[in-house]
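**Q** Structure, please.
(2 chains)
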Amino acid sequence: MKLPRKLALAASALAGVHFAALAAGFLAPYGPTEQSRAWPYAPPTRLHFFDEEGHVHLRPFVYPLADDETRAGGYREDRSQRFPIRFLVRSPATLGGPGEGWRLFGVDEPARVFLLGTDGFGRDQLSRLLHGARISLFAGLLATGISLGLGWVLGTVAGFYGRWTDTLLMRAADVFLALPWLYLLFAVRAVLPLHLSADQAFLMLVLVIGLVDWARPARLVRGLVLSARERNYVLAARGFGASDLYLVRRHIAPQTFGVLLTQAALLVPQYILAEVTLSFLGLGVAEPVPSWGNMLAALQRYHVLSSYWWMWAPGLALVPVFLSYSALSEALHSRVGPASP
Amino acid sequence: MRAVLSVATLLLAVPAFAQKAGLPAEVLRADHEVGRRGGRLVYALRSEPKTLNPVTAIDVTSREVIGRLQADLIHVDRQTQRTGPALAKSWTVSPDGLHYTLLLRRGLRFSDGHPLDADDVVFTFRCYLDERNASPNRDLLVIGGQPIGVRKLDGFRIAFDLAQPYAAAERLFDSLAILPRHLLEKAQDEGRLGTVWGLTTPAAEMAGLGPFRLKSYVPGERIVLERNPYYWKVDSAGRPLPYLDELVFLLVPSDDAQVVRFKAGETDVISRLSAPNFGALTADASGARRLQDLGAGLDYTFLFFNLNDVDASKLPEVARKQAWFKQTAFRQAVSAAIDRAGMVRLVYQGRATSLGGHVTPGNRLWQNTALPRPQRSLARARDLLGRAGFVVDKAELRDLKGAPVTFTIVTNAANAARVQMATIIQDDLREIGMQAQVVPLENRALLDRVVKTHDYDAALMAIASGDADPNSEMTVLVSSGPTHLWRPGASAPMGPWEKEIDDLMQRQLVTLDGAARKRLYDRVQELMVENLPMIPLVSPNVLVGAKSDLGNYRPAILDPQVLWNVDELFWRTPPAARP
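**A** Presented below is the predicted three-dimensional model:
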């Protein structure tokens, strides 16, 4: 009974993360591009339960930030006023941010609650992390869909028809595996118009990641199909006059689905990482729209890397996501089993 | 009394000492703290120098190295920003300002021991003026359409003849390296002077009059210079300069890597620090390092729109948007909407100054202080746009034809501060309904668009002024100038105001009276602010650092900020005792 529990745990953790990304507008206390110019690189706001006199407050509160006169660029808490955290607050529409709507929590002005600190423009890291997850996580999912879909179709065709079809497709796969993709991408980006909107950039990323990597799943599927089509029941069905389509649909495809599912659980984190890498290098979604990759790009600068630990948040967020996917793929693998008996 | 006496004995001792060391008779005596001989100084260069040829060098790093190998006739003191004698002991100007006579120091030798005389100077100017060599210095030496005339009067006197009076003409001689005729004449006669003295040239085939001479070069790694034994300066105790045995240039490509090297003690001095890195270094400063904020420098960052006469059939989108960009009210509105104080705080942690005009507060002599300080005002921005016929519809600004106002701002991807400033502008402009997108580009691609193809909407760039004098801004301000970035090399001025700027700049060039020049340049600054062909943003402070042990370290805001007096730098503790 150990296996299903692990599967359920991993699956529910992932469902939770993806739900949080979808509900970013509600969960995030601020808009992802909203700048608080007074507070660049503010450290995570501390939630307090005890006030100066030592009284306990059940509702947590924060102190507003003030410049620390003793250190340039440093902050201290202004202990003269307390601002309790409010839940289910109605926030006004902000320019560029999401429209008017309900937010899970917030504090009254002039205090701010930055649970994961702010970046160089005074933008709330938590809000950016949640909104950025939409792009980073779903880019991984969609790209996996494209890559597996394409890989499955081409792999099945190659494996099922064999001969010159197989040779042609598999040589094409070799070529795809051999191309220096990163450099090709830089070249492609140089040809595209100067500015891509966030939607276009997202679409480009997904397509690029998905289309580039069809060759590996295709090879895997081809192998499975190759062995499946020689099975006796397939030969028998063929003998009874079954059409190609029927054979694939009824007898061969089901053999590949389990492997496909395990592959998906392996590929999604790889593609999330691909998105992060491409955005990190400036090939992905452009500022000010957040993605985990372009948020991490700030760490390319020495002073950010050395002085502001909270800027690592997107990198740290990747770890549990990856672990969940790896647990999921492991659990799937032992359930569905490898391609054969 | 004793002090006076000891000074007198020292002075008496100098000639004897000088002769013993084989020093030239007419040395320049520097006035600074007497140092200790020995040791090496390590400095990181941002990129590999392209050449060591003073005639063709154009990039900053080449000039940084060449400046230590070579010397000029008249030098601008980087600290006082005034001219002073160098290889020329003195000079006279004719009353009409057309004829300069320079007197060379006697007994000087190049770093290979060959003596210097007037023939070398005449030869040098022949090289700079020869069109075959395509020297970037040539433009400066052509005054009123006529190349400067150079005549040898005798072995040590040279006459320079100008076609028209030229303000601050002595400053022309700064950084023009005097070349060794005995080594280069053959190459010059064969017309291949432009190609000599690359980095791989053997040290024996090069010579100069600077404090150091080339010792070795390891491609991609380091350039080592050693003391020039024939250098022509002595310290106030009469001992020959420079103090340092070696000057090492390490090639360290990125700003951040330079900071890490400096922090680790691998380099001894650092310049052009970015404000965040300066902050990071200050935060864990030990007594071993001294970091200094020298205040506003001469560099200015600005936003400008594409005001070129673009061909509407080739670039229809740019041409359409130029209908907005070419309106002064539009540019004024953009300027009013920009939060410069926010840039100073967010991008520079307070280590910069908001700019209203292009002359920075670091340029105390020439800044027009009567100009208003820049103030952010969204109300003024909206008012200007409203009167120019723009309307706001659902938080989106639209022009007379109903088209939304959107454009891209290109900037240098390698410069984090500029990308950040562009992102701030993007956010600021959204508040008046403009949709701007920031596109960071690789530097060469950026220059190509701005200078050659003109395929861009707006750009955020910076200009680093080499000198405080208005003449150094000629190529930027005059409408036909090559670095008149918003409309480079234009065939005619854009309007009466630009015509006036052209005239004023030409007039200040030939006006010899300082106060009158200042009035002319004040008016130029006024016109620039009224018409905003470029929208000045901020001027970053000059931030430098060095090990505390370095003596005579006096950084300046003019380039090269920390190495300008490298001949005087010395280590207080003997090299052997240093960790």
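
**Q** With adjacent residues omitted, what lies nearest to the spatially most central residue of chain B?
**A** The centroid of chain B falls nearest to B:Gly466 when counting by CA atoms, centre = their mean (2.6 Å). In space, B:Gly466 comes closest to B:Ser472 once its chain neighbours are excluded; the distance is 5.4 Å by CB to CB, 6 or more residues apart in numbering or on different chains. The way it works is simple: take the backbone N, C-alpha and C, and place the C-beta from them, glycine included.

**Q** three-state assignment of the one you found?
**A** helix (DSSP: H, G, I helix; E, B strand; the rest coil).

**Q** repeat for A:Phe49
**A** Under three-state DSSP, A:Phe49 comes out as strand.

**Q** pLDDT at it, what is it?
**A** pLDDT for A:Phe49: 89.

**Q** wait, it sits on A:His55?
**A** No. Counting by CB atoms under 8 Å, A:Phe49 does not reach A:His55; the two are 9.6 Å apart.

**Q** Tell me which of those two has more neighbours.
**A** A:Phe49 (11 against 8; other CB atoms under 10 Å in any protein chain shown).

**Q** re the thing from before, and the residue nearest to the centre of chain B, that's in a strand?
**A** No. Assigned with three-state DSSP, B:Gly466 falls outside any strand and is coil.

**Q** rewinding a little: number of residues surrounding the residue nearest to B:Gly466?
**A** Considering only other CB under 10 Å, B:Ser472 is surrounded by 16 other residues.

**Q** Surely it is in contact with B:Ser465?
**A** Yes. In terms of CB under 8 Å, B:Ser472 counts as a neighbour of B:Ser465; the distance is 5.4 Å.

**Q** Pull up the residues of chain B that are close to chain A.
**A** Applying CB under 8 Å from any CB of the partner chain, we find that chain B lies next to chain A at B:255-256, B:259-260, B:274, B:276-277, B:279-280, B:282-283, B:339, B:342, B:345-347, B:349-350, B:395, B:408, B:410, B:413, B:416, B:419-420, B:423-424, B:426-427, B:430-431, B:437-441, B:445, B:456.

**Q** Now do the strands in the stretch 101-250 of chain A.
**A** Remark: strands assigned in the stretch 101-250 of chain A by DSSP state E, counting those that start in this stretch are A:101-106.

**Q** Where does the stretch 51-200 of chain B get nearest to chain A, residue-wise?
**A** B:Thr61 (20.5 Å; CB to the nearest CB).

**Q** name the element that residue belongs to?
**A** helix B:60-69 (DSSP states H and E).

**Q** Show the contacting residues for the residue in the stretch 151-300 of chain A positioned nearest to chain B.
**A** With CB to the nearest CB, the shortest gap between the stretch 151-300 of chain A and chain B falls at A:His195, namely 4.4 Å. Counting by CB atoms under 8 Å, 6 or more residues apart in numbering or on different chains, A:His195 touches A:286, B:408, B:437, B:439.

**Q** From A:Gly145, how far out is A:Phe257?
**A** 14 Å (CB to CB, to the nearest Å).

**Q** Please read the previous query as pertaining to A:Gln125.
**A** 30 Å.

**Q** How many residues are close by residue 300?
**A** In the absence of a named chain, chain A is used. Around A:Gln300 there are 14 residues (other CB under 10 Å).

**Q** think we crossed wires, I meant chain B
**A** Neighbours of B:Tyr300 under the rule other CB under 10 Å: 26.

**Q** Need the pLDDT of it.
**A** The predicted local confidence for B:Tyr300 is 93.

**Q** for A:Pro341, same thing?
**A** With respect to pLDDT, A:Pro341 has a value of 35.

**Q** same check, this time on B:Ala459
**A** 96.

**Q** what residues are up against it?
**A** B:303-304, B:306, B:409-411, B:446, B:449-450, B:485.

**Q** Distance check, A:Pro84 against A:Phe49.
**A** A:Pro84 is 11 Å from A:Phe49, by CB to CB.

**Q** joint contacts of those two?
**A** Common neighbours of A:Pro84 and A:Phe49 (CB under 8 Å, 6+ apart) are A:57, A:60.
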